[in-house]
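Trainee: Just to be clear, the model below is a prediction. Sequence and coordinates:
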Amino acid sequence: QVQLVESGGGLVQAGGSLSLTCVASGRVRTTNGMGWYRQAPGKQREEVARFTTSGTIEYADFVKGRFTISRDNAKKTIYLHMNSPNTDDTGVYYCHILIPKPLGAYWGQGTQVTVSS
């Protein structure tokens, strides 16, 4: 089994900064395939940033230049550094992992991020 535990959410002022952490446990050997998604009220869940299964980084266009994803493989942990968030960044942020062999996808429980104007 795989467990993903997010932390670091909370209230942040627009233009400020906030960092999220996701720690993986269970049959996770690498942070490749781990990433962040978010879901705003009344909207679909969307990808924010991730490490692909080959280790490259992908960002959604709406966070490029503002958010940075990083990782510590030894700790099976990924981070999302949110700089200059705006109110549109409010939502529940979820950690996700895609494990190719055997194939499986897992979600964390989510952490709420609220950006105030």
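Mentor: That came through fine.

Trainee: Show the contacting residues for the spatially most central residue of the chain.
Mentor: The C-alpha lying nearest the average C-alpha coordinate of the chain belongs to Trp36 (Cα atoms, centre = their mean; 2.3 Å). Going by Cβ atoms under 8 Å, 6 or more residues apart in numbering, Trp36 touches 20, 22, 47-50, 69, 78, 80, 93-96. Placement of C-beta: from N, CA and C, glycine included.

Trainee: One more: Lys75?
Mentor: Counting by Cβ under 8 Å, 6+ apart, Lys75 has contacts Val23.

Trainee: residue ranges for the strands of this structure, please.
Mentor: Using DSSP state E, the strands of the chain run over residues 2-7, 10-13, 17-26, 34-39, 46-51, 57-59, 67-72, 77-83, 91-99, 104-107, 111-116.

Trainee: In this protein, what helix or strand scores lowest on average pLDDT?
Mentor: strand 104-107 (a mean of 94; mean pLDDT, DSSP states H and E).

Trainee: So for that one, what gets flagged as buried?
Mentor: Taking 16 or more other Cβ atoms under 10 Å as the neighbour-count basis, strand 104-107 is seen to contain the buried residues Tyr106.

Trainee: same deal with stretch 28-48?
Mentor: The neighbour-count check on stretch 28-48 (16+ other Cβ under 10 Å) flags 28, 31-38, 48 as buried.

Trainee: Same check on stretch 6-21?
Mentor: Result for stretch 6-21 [16+ other Cβ under 10 Å]: buried residues 6, 8-9, 12, 18-21.
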